[in-house]
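Undergrad: sequence? don't have it. structure:
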């Protein structure tokens, strides 16, 4: 079965957590909105009516199933492609960690959009600066400290132990995103999370991930996505 | 098996979505932090180290399992207590809807905390007013319009059809919360969502829910929770 991934074509955004899982798994998929009339197809699928219309991208078409919400898509893919335990306890635990990452991703987004997604960054620059300061003072240390502790407690290779899960792929993306958006702040912070930095390196050299990152399937970071580089927010 | 729910003892907050599911199911549970040394027990379980420490409350102890993240807890409870379909497609769909509700809950929270959870409301009153205006202009209509459309498309009884799921219980709480926090705005808006208002009434008279709401197990809304009544934000 070839999957169809539906996501905004110009950004990594939340779709990237799904792309990384599909790429690591070597699964066949089409990134629909990046081709031909894909954007129109994506819009049609979100229109309310019968069936299970998603509230927002990303969503994944897997045969007849249409699955929305990033963490939910990973829950589905994880047990099918060896990216999460099959037993219930492990499956719930890895999903729980992914939901915590989803919370962090939203807070990273809100550094440049504290007044909500319906206004432009340019309309909220002053509150963005304040929110970013708090994000780095209180939130990044709390979130990344939590994952660093877990990693160390479980042997230091992957967050839940010796086997890679989709959570490790997502943490790779978190480190990459924070490095892109906040190079100065992240440089100063990385000594607090040596295990996560090593995890990032470990993920980056996995053959399928390495090939993906070098391909044009990997969209570059930019100022339309979740992680945006605004110099004033990195000061 | 008697469940143990761990959540902040003074607020409904995110714990309330779990409480409503447990109450509707007639499941035995202890709301741990509301009794004796429960707060200390909750703190101990969150301390990093071995096992599966949750990042934040709420979390549920079910035998040996400790499950964190509200939607993940409902995913676990749903199939066990007839509050979600057992088959994978339906299970993922209901979970996806719950994750969309979780996004709405966070946006409702951020109306009074646009600069993040690490500052007091009193430190962010002006941005809170702006974020609240956007929330009601763009976000409430989008989210509640989505659920209203689903409800109508599926026959108008419950969101996914004729059978109640935990999503319906959560939408009851959303309507209640918006009515509490924003009585004027919500009064003006309710004609847009007649189906959801009826759903709220349908849930409220279910025997187990009715008994719960009348009991002292139901904490009252207050200005420490997600839905807070600040007159200036309701203007």
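TA: Everything's here; your move. Every value quoted in this text rests on a predicted model; they were computed, and no experiment measured them.
Undergrad: contacts, neighbours, all on C-alpha from now
TA: OK.
Undergrad: Summarise which helices and strands the lengthiest helix in chain A is packed against.
TA: Across chain A, the longest stretch assigned as helix under DSSP state H is helix A:88-110. On a contact count with 3 or more Cα pairs under 8 Å, 6 or more residues apart in numbering or on different chains; DSSP states H and E, helix A:88-110 meets helix A:70-80, helix A:166-181, strand B:65-68, helix B:70-80.
Undergrad: And the contacts of the helix or strand bottoming out on mean pLDDT in chain A?
TA: Least confident helix or strand of chain A, by mean pLDDT, DSSP states H and E, is helix A:38-46 with a mean of 94. With contact meaning Cα atoms under 8 Å, 6 or more residues apart in numbering or on different chains, helix A:38-46 is reached by A:6, A:7, A:8, A:32, A:33, A:53, A:54, A:55, A:56.
Undergrad: after it, next one along is what?
TA: Helices and strands here follow DSSP states H and E; after helix A:38-46, the next one along the chain is strand A:59-62.
Undergrad: Which elements pack onto that next one?
TA: Counting by 3+ Cα pairs under 8 Å, 6+ apart, the packing neighbours recorded for strand A:59-62 are strand A:3-6, strand A:65-68, helix A:70-80.
Undergrad: mean confidence for the last one?
TA: Helix A:70-80 shows a mean pLDDT of 97 in the predicted model.
Undergrad: Check the first one too.
TA: Taken as a whole, strand A:3-6 has a mean pLDDT of 98.
Undergrad: Quickly check: that strand near chain B or not.
TA: No: using Cα under 8 Å from any Cα of the partner chain, strand A:3-6 never reaches chain B; the gap is at least 15.5 Å.
Undergrad: Partner strands of that strand and their direction?
TA: Partners of strand A:3-6 in the sheet, by DSSP bridges, are strand A:29-31 (parallel), strand A:59-62 (antiparallel).
Undergrad: and what of the second one?
TA: With DSSP bridges as the criterion, the sheet partners recorded for strand A:65-68 are strand A:59-62 (antiparallel).
Undergrad: so for the partner strand, what's the average pLDDT?
TA: The pLDDT scores in strand A:59-62 average 98.
Undergrad: Identify each buried residue in it, please.
TA: Buried residues in strand A:59-62, counted by 16 or more other Cα atoms under 10 Å in any protein chain shown: A:59, A:60, A:61, A:62.
Undergrad: need the contact list for the third one.
TA: Residues near residue A:61 by Cα under 8 Å, 6+ apart: A:3, A:4, A:5, A:6, A:67.
Undergrad: measure it to residue B:42 for me?
TA: 40 Å (Cα to Cα, to the nearest Å).
Undergrad: sorry, back to before: how about a markdown table for the buried residues of strand A:59-62, with distance to residue A:188 added?
TA: Listed next are the buried residues of strand A:59-62 as a markdown table, based on distance: Cα to Cα, whole Å:
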| residue | distance to residue A:188 |
| --- | --- |
| A:59 | 36 |
| A:60 | 37 |
| A:61 | 41 |
| A:62 | 42 |
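Undergrad: My guess is residue A:224 contacts residue A:11. True?
TA: Yes: here residue A:224 reaches residue A:11: they are 6.6 Å apart, a contact under Cα atoms under 8 Å.
Undergrad: ok, those two, which is more surrounded?
TA: Under the neighbour definition other Cα atoms under 10 Å in any protein chain shown, residue A:224 and residue A:11 were set side by side, and residue A:11 has more, 19 against 12.
Undergrad: That one touches residue A:221, doesn't it?
TA: Yes: using Cα under 8 Å, residue A:11 is in contact with residue A:221, at 7.1 Å.
Undergrad: just to revisit the earlier point, in TSV: the helices and strands packed on helix A:88-110, plus mean neighbour count and distance to residue A:121.
TA: Below are those laid out as TSV (neighbours: other Cα atoms under 10 Å in any protein chain shown; distance: least, Cα to Cα, whole Å):
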stretch	mean neighbour count	distance to residue A:121
helix A:70-80	21	24
helix A:166-181	22	14
strand B:65-68	22	33
helix B:70-80	21	30
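Undergrad: Tell me which of these lies nearest to residue B:231.
TA: Set against residue B:231 and scored by Cα to Cα, the helices and strands packed on helix A:88-110 come closest in helix B:70-80, at 28.9 Å.
Undergrad: Contacts only, for residue A:139.
TA: residue B:118.
Undergrad: please redo it, this time with the cut-off set to 10 Å
TA: Residues near residue A:139 by Cα atoms under 10 Å, 6 or more residues apart in numbering or on different chains: A:104, A:107, A:108, A:132, A:133, A:145, B:116, B:117, B:118.
Undergrad: Could you report the pLDDT at residue A:48?
TA: What the model reports as pLDDT for residue A:48 is 60.
Undergrad: what packs against the host helix or strand of residue A:140?
TA: When elements are assigned from DSSP H and E, residue A:140 belongs to helix A:140-153. Packing partners of helix A:140-153 (3 or more Cα pairs under 10 Å, 6 or more residues apart in numbering or on different chains; DSSP states H and E): helix A:88-110, helix A:166-181, helix A:183-189, helix A:194-204.
Undergrad: angle of it against helix A:194-204?
TA: With axes from the mean of the first three to the mean of the last three Cα atoms, to 10 degrees applied, the angle from helix A:140-153 to helix A:194-204 works out at 70 degrees.
Undergrad: Now helix A:140-153: buried residues?
TA: By 16+ other Cα under 10 Å, the buried positions in helix A:140-153 come out as A:140, A:141, A:144, A:145, A:146, A:147, A:148, A:149, A:150, A:151, A:152, A:153.
Undergrad: you'd agree the second one is up against residue A:185?
TA: It refers to residue A:141. No: assessed by Cα atoms under 10 Å, residue A:141 is found out of contact with residue A:185, at 11.8 Å.
Undergrad: what stretches of chain A score poorly on pLDDT?
TA: For chain A, applying pLDDT under 70 flags the ranges A:48-49.
Undergrad: quick one, what contacts residue A:220?
TA: A:10, A:11, A:12, A:213.
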